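S.K.: Provide a 3D model corresponding to the input given below.
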Amino acid sequence: MIGTTELIVIVIVVLVLFGASAIPKFARSLGEAKKEFTKAIKENETEEKKTAEEKKASDEKKA
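M.R.: Numbers count the residues shown, from 1 in each chain. Model prediction:
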C-alpha cells in the first residue's frame, strides 16, 4: 500500500517533470478515460444479459 510519504514524493516528481500547467490536462484525460471505461463495462454487461436472455428464450422454445 502506498503511504503518505510515497504519495508526496510522487506528486513532487510529477510536478517537476510535467509542470503545474500540465497537471489539470492530465487529470482531465484520466477522468475521461475512466468515464469511457465505465461506459464500456456497462455496455458489455448489457450485451451479456441480452445474450443470456435470448439463449434462455431459444432453449425454452426447443423444449
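
S.K.: Look up how far Glu48 lies from Glu32.
M.R.: As for Glu32, its distance to Glu48 is 25 Å (criterion: CB to CB, to the nearest Å). Quick note: C-beta positions are derived from backbone N, CA and C, even for glycine.

S.K.: ok, now Glu6?
M.R.: As for Glu6, its distance to Glu48 is 38 Å (criterion: CB to CB).

S.K.: got it, and Ile12?
M.R.: For Ile12 relative to Glu48 (CB to CB), the value is 44 Å.

S.K.: what do you get for Ser29?
M.R.: The spacing between Ser29 and Glu48, counted by CB to CB, is 29 Å.

S.K.: Can you list the helices and strands that the helix ranked longest in the chain packs against?
M.R.: Ordering each helix of the chain by length in residues (DSSP state H) puts helix 22-62 first. The contact analysis (3 or more CB pairs under 8 Å, 6 or more residues apart in numbering; DSSP states H and E) places helix 22-62 against helix 4-18.

S.K.: Contacts for the helix it packs on, please.
M.R.: With contact meaning CB atoms under 8 Å, 6 or more residues apart in numbering, helix 4-18 is reached by Ile2, Ile23, Phe26.

S.K.: circling back to that earlier point, how much distance is there from the longest helix of the chain to the middle of the chain?
M.R.: 10 Å (CA atoms, centre = their mean, to the nearest Å).

S.K.: orientation of that helix relative to helix 4-18 in degrees?
M.R.: 110 degrees (axes from the mean of the first three to the mean of the last three CA atoms, to 10 degrees).

S.K.: what's the model's confidence in helix 22-62, averaged?
M.R.: Averaging pLDDT along helix 22-62 yields 90.

S.K.: Next one: Ala20 from Leu30, what distance?
M.R.: Taking CB to CB, one finds Ala20 at 16 Å from Leu30.

S.K.: what does Lys50 give?
M.R.: 31 Å.

S.K.: Please apply the same query to Glu53.
M.R.: 35 Å.

S.K.: Repeat that for Lys42.
M.R.: 19 Å.

S.K.: Likewise for Asp59?
M.R.: 43 Å.

S.K.: Give the full set of residues in contact with Glu60.
M.R.: Glu60 sits next to no residue when contact means CB under 8 Å, 6+ apart.
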